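Undergrad: 3D, please:
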Amino acid sequence: MAPMPALFVSHGAPTLAIEDGPAHRFLAAYGAMFGRAKAVLAISAHWETAAPAVTSAESPATIHDFYGFPRALYRIRYPAPGDPALADRVAGRLEQAGLPTTADDQRGLDHGAWVPLSLMFPDADVPVVQLSIQTALGPQHHYRLGAALAPLRDDGVLIMGSGGMTHNLGEFHGRRVDEPPPGWVVDFAEWTAAALADGRIDDLLDYRDRAPHAARNHPTDEHFLPLFAAIGAAGPAARVQRVHASHSYGVLAMDAFAFS
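TA: Got it, this is the predicted structure:
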């Protein structure tokens, strides 16, 4: 059996879970491709820790870590089971790679995990474990972290990095959901897609200096770092497929990539 792919998805605004649009429809259809997934390891931009941590709860709670959105969002519960055994394996693999990791049996799933998963696996019947990011440690660290976890894909674990192709909330407010993207957003997304297609990992790891409008699209790194974990988990010979590209509120590029 072929390994499960590694994914990077852009989760956009939390309303992605309830509002129709290209990215919503894509995720709702895309999950059917992974019916044989035994579990999901979600690496979300919304859990930041100084050192790696992994959820080990048997029944992780749904975390509503956002403010000022429609009440319908706060009523959503995503009751996917956890997988403490997988959490132990994640921690063990990272420990072997020199990345000491703690297990957190109280932490639930933040919206970077449950929003896309609620569309991909709406029955919440696939176990989910979440792994934190270390924003201060940058792209190279997350590439290394992903590489340590690559063998999990051979056992049916879908590794999903969840962040954003672009993420500048200062440019987000006041825009229409269907507003056309400005050139600085398009240029960055297209540069990233080309670098992935060409296998230019060094360029990607140094994206802040090499990508056009990098700082404007990512004032901080956290929403781009899950991409590097997915790249690392796929391995250097991975085939890259851009499985989705659209925009939300003009400035949020909603690209998704599969690495297999």
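
Undergrad: which residues are in contact with Glu48?
TA: Shown in contact with Glu48 (C-beta atoms under 8 Å, 6 or more residues apart in numbering): Ser132, Ile133, Gln134, Thr135, Glu222. In short, each C-beta sits where N, CA and C put it, glycine included.

Undergrad: ugh, wrong one, Pro182
TA: Contacts for Pro182 (C-beta under 8 Å, 6+ apart) come out as Gly250, Val251.

Undergrad: gap between it and Ala253?
TA: The gap separating Pro182 from Ala253 is 11 Å, by C-beta to C-beta, to the nearest Å.

Undergrad: which stretches of the stretch 1-150 of the chain form helices?
TA: 22-30, 71-75, 84-96, 111-120, 138-149 (DSSP state H, counting those that start in this stretch).

Undergrad: pick the most buried one from these.
TA: Compared across those, helix 111-120 shows the largest average neighbour count, a mean of 27 (mean count of other C-beta atoms under 10 Å).

Undergrad: would you point out the most distant pair within the contacts of Glu48?
TA: The distance between the two most remote of these (C-beta to C-beta) is 10.6 Å, for Ser132 and Glu222.

Undergrad: one step back: out of the helices of the stretch 1-150 of the chain, the one nearest Leu158 is which?
TA: That would be, of these and by C-beta to C-beta, helix 111-120, which comes in at 9.1 Å.

Undergrad: which parts of this structure are strands?
TA: 6-10, 39-48, 53-55, 102-104, 128-133, 157-163, 240-244, 247-248, 252-253, 256-259 (DSSP state E).

Undergrad: contacts for the fifth one, please.
TA: For strand 128-133, the surrounding residues in contact (C-beta under 8 Å, 6+ apart) are 39-45, 47-49, 52-56, 60, 80-83, 86-87, 90, 107, 109-110, 113, 117, 142, 145, 149, 222, 225-226, 229.

Undergrad: hmm, back to that, closest one of the contacts of Glu48 to His167?
TA: His167 has its nearest neighbour among the contacts of Glu48 in Glu222, at 8.0 Å by C-beta to C-beta.

Undergrad: how many residues are close by the closest one?
TA: Neighbours of Glu222 under the rule other C-beta atoms under 10 Å: 20.

Undergrad: tell me who's in contact with it.
TA: Glu222 makes contact with Ala45, His46, Glu48, Ile133, Thr135, Gly163, according to C-beta under 8 Å, 6+ apart.

Undergrad: repeat that for Pro60.
TA: Counted by C-beta under 8 Å, 6+ apart, Pro60 has contacts Ala80, Gly82, Arg107, Gly108, Leu109, Val128, Gln130.

Undergrad: swap in 6 Å and give it another go.
TA: Contact partners of Pro60, counting by C-beta atoms under 6 Å, 6 or more residues apart in numbering, are Gly82, Gly108, Leu109.
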